[in-house]
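Undergrad: Dropping a prediction and its sequence here:
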Amino acid sequence: MEDLIDMHERLSHLFALEEYTMEYLDKSWVWLNDPEIKKLTLTPDFTRQQQLDFYENVKARTDYWIRGVSCDAVPVGVAGLKNISYENCEAEYWGFIGEKKYHGKGGGTAMLRMVFDEARRMGITRIYLYVWKENRVAIALYSRSGFHCDGEYGEKLKYSMVLASSSTRESSH
């Protein structure tokens, strides 16, 4: 019974993708400088100016798509696609929940589903990602979601998957 209550509590949250605003940029500064989040995401050191330069230029990029992630209208993380290749119909997924009290609430699964939906709209059929080989929670999520490990690159593992079309996905339910 307790497991059922825990599952309901996790699934009762409403996760959404939103425009990546200055509010998300400011929160990302805090999240990505937290030692635990920094390690889990393998984030290199960066300056506030580098972050501001990124923000000023990201909207003009065709190889990068970024969104803020909210839970019950509270900013909790960031997700997106980078290295988008329309020619090869592929992109690299990335995302994180920076607000630790929202870890384990279904945000990772929700982010993947929402980003996959956008990738399909973009014509992307292959998604890949890199994950720290010690990030067991993320690795379990990616494996459950259909990703397959393509190899190890230093402290990173590379995972990839072919996206099922939304009509295929809907007909399988």
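TA: Thanks, I have the structure now.
Undergrad: Next up, identify which helix or strand Thr43 is on.
TA: Assessed by DSSP states H and E, Thr43 sits outside every helix and strand.
Undergrad: and if you look at Pro75?
TA: With DSSP H and E as the criterion, Pro75 is inside strand 74-85.
Undergrad: tell me the average confidence for that strand?
TA: Over the span of strand 74-85, the pLDDT mean works out to 98.
Undergrad: now the closest residue to Tyr64 other than its chain neighbours: how far from Ala73?
TA: Closest residue in space to Tyr64, ignoring its immediate chain neighbours: Lys82 at 5.0 Å, by C-beta to C-beta, 6 or more residues apart in numbering. C-beta: built from backbone N, CA, C; applies to glycine. As judged by C-beta to C-beta, to the nearest Å, Lys82 and Ala73 stand 26 Å apart.
Undergrad: more crowded one of those two?
TA: Lys82 (15 against 8; other C-beta atoms under 10 Å).
Undergrad: Show me the shaky parts of the protein.
TA: 1-12, 166-173 (pLDDT under 70).
Undergrad: Just give me the longest helix of it.
TA: Residue-count comparison of every helix in the chain, with assignments taken from DSSP state H, identifies helix 107-122 as the longest.
Undergrad: what sits up against the helix or strand following it?
TA: Proceeding N to C from helix 107-122, the next assigned helix or strand is strand 126-132, under DSSP H and E. Contacts to strand 126-132, defined as C-beta atoms under 8 Å, 6 or more residues apart in numbering, come from residues 39-42, 81, 88-94, 116, 119, 138-139, 142, 147, 150, 153, 155-163.
Undergrad: The next helix or strand after strand 126-132 versus helix 107-122: what angle between them?
TA: The first helix or strand that comes after strand 126-132 along the chain, using DSSP H and E, is helix 136-144. Taking axes from the mean of the first three to the mean of the last three C-alpha atoms, to 10 degrees, one finds that helix 136-144 is oriented at 40 degrees with respect to helix 107-122.
Undergrad: Could you list every helix and strand that helix 136-144 packs against?
TA: Applying 3 or more C-beta pairs under 8 Å, 6 or more residues apart in numbering; DSSP states H and E, one finds that helix 136-144 makes contact with helix 107-122, strand 126-132, strand 156-162.
Undergrad: Can you list the buried residues in the longest one?
TA: Neighbour-count burial for helix 107-122, counted by 16 or more other C-beta atoms under 10 Å, picks out Gly107, Gly108, Ala110, Met111, Leu112, Met114, Val115, Phe116, Glu118, Ala119, Arg120.
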